[in-house]
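Student: With the input below, show me the fold.
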Amino acid sequence: MQNKREEAAQIPEMKYNIEKPPTGDRVTEFLNIFASILKHSNYRIALEHYIKVSAKCGRCSTSCHLFLTTRDLKDIPCYRSELLLSVYRRYFSLEGSIFARVFGGFELTEEHIDKMANSFWKCTACRKCVLECPSGIDHGLLTHLARYIMAEMNLVPRALVISTREQLHGETANTSGIPLIALKDSLEFLEEELLEMTGVDIKFPIDVENAEYIFFAPVSDFMMEADTLMGIAAVLHSAGISWTIGSKYFDAINYGLFYSDLVLRRVLKKMEEETKRLKAKKILIGECGHASRSATFLKTYWSGDDCPQMLNIMELTHKLFKEGKIKLDPGKVTERITYHDPCNFARQGWIVEQPREIIRAFSNNFVEMTPNKSENFCCGGGGGTVSIDEIRKFRTLVSGKIKAEQIKKTEAHYVVAPCANCKKQFKELMEDNKVDGELVGLHDLILKAMVFD
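Tutor: Prediction:
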């Protein structure tokens with residue numbers, strides 16, 4: 001244990017930049033924002049339950065990738081959650097308010113706010129700790145709520161503010177600032193690549209009305225994940241699926257899932273507007289865990305009762321494979337393959353077996369990480385932290401250390417990570433930890449293994 005603590009003392013700190021640090025009476029501002037959120041949401045139901053059960057047993061420490069690396073008691077999930085619960089208990093619960101007036105006790109201070117700002121942005125909100133909590137406390141939800149409050153008082157990493165500002169108000173309307181003309185050029189190039197690679201004229205349709213699916217990918221995929229996009233287009237073409245990409249809005253990334261319900265809603269409304277503009281029947285999300293999970297909130301915010309069905313591309317590809325609409329060569333990929341379960345897919349058992357069944361259809365050399373599936377460790381860059389470049393060393397050498405060790409133990413050549421956030425984190429993680437292997441999306445390998453009639 002002593003050696004572990006000595007190692008922890010040498011690890012990089014997590015320090016992020018804030019665009020406009022809040023000034024003035026931050027305590028009053030924090031409490032006013034907290035009160036407003038409680039008034040206009042249903043967070044109070046969960047908080048009332050959480051303050052009545054134990055939040056200090058520490059069982060969650062056995063599953064937290066951050067604590068298992070730092071061995072710092074302040075990184076235990078229930079310690080972090082108590083930072084916010086203590087504020088709610090004192091100022092917004094009847095029992096706590098009466099107790100404080102009679103006996104005194106906890107008071108919110110500037111120092112406590114700073115402690116929350118540091119702690120809640122270290123958490124990746126992967127929610128693995130929820131599996132261990134005997135009281136059913138969702139520490140990931142509390143992380144989100146604390147960030148939501150701090151975001152409303154401008155106590156949020158600058159990287160997230162800039163990305164969402166361009167997405168919501170910028171000319172390009174996407175988090176990477178990619179103009180439409182650059183998107184079209186990229187897709188034309190990918191069409192030429194597919195024709196040369198497969199001999200099949202596979203298209204990326206844009207602004208097709210009344211298509212069965214409107215496709216939203218993480219915008220970074222259009223510039224950085226060519227093989228993933230080509231694999232997806234090949235699957236949809238081979239199965240005869242009617243689909244389109246919208247020219248007015250095409251970014252599936254939604255950082256609101258990580259820190260602000262208001263941002264989450266505004267981004268989803270842009271997705272709704274584009275779907276209605278092109279009269280698409282269903283919504284198809286690319287290979288991305290957080291983009292897919294955020295899209296599941298569409299039913300909450302959709303205008304009217306006609307919210308279309310939402311599918312992730314891995315769900316659709318698995319369905320098409322089972323129906324025999326796409327064919328895979330069982331011996332095409334011979335190198336060893338391992339698969340990373342993005343938290344937003346696997347933690348609740350949503351998309352777990354489907355990608356594994358597809359991989360086994362074209363490979364006899366698949367190996368699991370340990371642990372895996374719903375209990376797999378976070379990549380270390382979840383909860384939006386992957387977009388904060390100034391904390392890269394913390395993400396890769398601390399928060400992502402356990403994931404790097406998982407990959408090494410598999411000795412896999414291909415590391416499949418079907419999530420835009422996970423891919424960015426894995427590229428830096430594997431480089432900084434000197435992990436051998438090739439990072440790919442699931443549809444990268446599907447494209448290699450596809451048989452075209």
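Student: Do I have it right that Cys126 meets Phe345?
Tutor: No. Proximity of Cys126 to Phe345 does not meet the contact threshold set by CB atoms under 8 Å, at 11.6 Å. (C-beta placed from N, C-alpha, C; glycine too.)
Student: Can you tell me which helices and strands the helix or strand containing Val267 packs against?
Tutor: In this assignment (DSSP states H and E), Val267 forms part of helix 261-277. Here helix 261-277 touches helix 158-169, strand 213-216, helix 256-259, helix 289-295, helix 298-301, going by 3 or more CB pairs under 8 Å, 6 or more residues apart in numbering; DSSP states H and E.
Student: Now that helix: buried residues?
Tutor: Asp261, Val263, Leu264, Arg266, Val267, Leu268, Lys269, Lys270, Met271, Glu272, Glu274, Thr275 (16 or more other CB atoms under 10 Å).
Student: Next: stretch 94-104.
Tutor: Here stretch 94-104 shows Gly96 as buried, counting by 16+ other CB under 10 Å.
Student: distance of Ile402 from Ser303?
Tutor: 43 Å (CB to CB, to the nearest Å).
Student: who has more neighbours, these two?
Tutor: Counted by other CB atoms under 10 Å, Ile402 and Ser303 do not tie: Ile402 has more neighbours, with 17 against 10.
Student: what's near enough to touch the closest residue to the more buried one other than its chain neighbours?
Tutor: Leaving aside its chain neighbours, Ile402 sits nearest to His65 (4.6 Å; criterion: CB to CB, 6 or more residues apart in numbering). By CB atoms under 8 Å, 6 or more residues apart in numbering, the contact list for His65 reads Thr124, Cys126, Lys128, Phe377, Cys378, Gly380, Ser399, Gly400, Lys401, Ile402, Lys403.
Student: Dihedrals phi and psi, Asn312?
Tutor: phi -90, psi 150 (degrees, to the nearest 10).
Student: Show me what it is bridged to.
Tutor: Counting by DSSP bridges, Asn312 is bridged to Ile285.
Student: Of the contacts of His65, which belong to helices?
Tutor: Lys401, Ile402, Lys403 (DSSP state H).
Student: so which of these comes closest to Ser93?
Tutor: Using CB to CB, Ile402 is the member of the ones in helices among the contacts of His65 that lies nearest Ser93, at 36.2 Å.
Student: How is the most far-flung residue of the chain relative to its centre assigned, secondary-structure-wise?
Tutor: The centre of the chain is farthest from one residue, Val102, which by CA atoms, centre = their mean lies 44.2 Å away. What DSSP: H, G, I helix; E, B strand; the rest coil gives for Val102 is helix.
Student: Show me the domain layout of the protein.
Tutor: 14-156, 171-322, 328-451 (automatic domain parsing).
Student: Deepest-packed of those domains, please.
Tutor: With neighbours taken as mean count of other CB atoms under 10 Å, the domains of the chain reach their highest mean count in domain 328-451, at a mean of 21.
Student: Quick one: end-to-end distance for that domain.
Tutor: One end of domain 328-451 to the other measures 6 Å (CA to CA, to the nearest Å).
Student: Also stretch 147-161?
Tutor: 13 Å.
Student: Keeping just the C-alphas, turn stretch 177-190 into CSV.
Tutor: Only the C-alpha atoms of stretch 177-190 are listed here, as CSV (Å, rounded to 0.1, in the frame of the first residue of the first chain):
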residue,chain,number,x,y,z
GLY,A,177,-16.2,23.6,-36.7
ILE,A,178,-16.3,21.6,-40.0
PRO,A,179,-18.0,23.6,-42.8
LEU,A,180,-20.5,21.8,-45.1
ILE,A,181,-18.2,22.2,-48.1
ALA,A,182,-15.5,20.3,-46.3
LEU,A,183,-17.9,17.6,-45.3
LYS,A,184,-19.0,17.1,-48.9
ASP,A,185,-15.5,17.0,-50.2
SER,A,186,-14.6,14.4,-47.6
LEU,A,187,-17.6,12.2,-48.5
GLU,A,188,-16.8,12.4,-52.2
PHE,A,189,-13.3,11.3,-51.5
LEU,A,190,-14.7,8.3,-49.4
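Student: Tell me which residues are up against it.
Tutor: Contacts for stretch 177-190 (CB under 8 Å, 6+ apart): 166, 170-172, 204, 206, 219, 222-223, 226, 229-230, 233, 245, 247, 250.
Student: same question, stretch 66-82
Tutor: With CB under 8 Å, 6+ apart, stretch 66-82 has contacts from 1, 4-5, 8, 11, 50, 55-58, 60-62, 64, 119-120, 122-124, 129, 133, 137, 139, 142-143, 398-399, 401-402.
Student: Dump it to CSV, restricted to CA.
Tutor: C-alpha atoms of stretch 66-82 as CSV (Å, rounded to 0.1, in the frame of the first residue of the first chain):
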residue,chain,number,x,y,z
LEU,A,66,-9.6,6.6,-10.7
PHE,A,67,-9.4,5.6,-7.0
LEU,A,68,-7.7,2.3,-7.9
THR,A,69,-5.0,4.3,-9.5
THR,A,70,-4.5,7.3,-7.2
ARG,A,71,-5.5,5.6,-3.9
ASP,A,72,-6.6,9.0,-2.8
LEU,A,73,-9.6,8.9,-0.5
LYS,A,74,-11.0,12.0,-2.1
ASP,A,75,-11.4,10.0,-5.3
ILE,A,76,-13.9,7.5,-3.8
PRO,A,77,-17.3,8.1,-5.5
CYS,A,78,-19.3,8.3,-2.3
TYR,A,79,-16.9,10.9,-0.9
ARG,A,80,-17.4,13.0,-4.1
SER,A,81,-21.2,12.6,-4.0
GLU,A,82,-21.4,13.7,-0.4
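Student: Give me the average confidence score over that stretch.
Tutor: Averaging pLDDT along stretch 66-82 yields 95.
Student: Put together a markdown table for the domains of the chain, with distance to Ile162 on each row.
Tutor: Formatted as a markdown table, those follow (distance: least, CB to CB, whole Å):
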| stretch | distance to Ile162 |
| --- | --- |
| domain 14-156 | 7 |
| domain 171-322 | 9 |
| domain 328-451 | 9 |
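Student: re the thing from before, just put the ones in helices among the contacts of His65 in JSON lines and tack on distance to Val435 and pLDDT.
Tutor: Listed next are those as JSON lines, based on distance: CB to CB, whole Å; pLDDT from 0 to 100:
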{"residue": "Lys401", "distance to Val435": "11", "pLDDT": "96"}
{"residue": "Ile402", "distance to Val435": "12", "pLDDT": "97"}
{"residue": "Lys403", "distance to Val435": "9", "pLDDT": "98"}
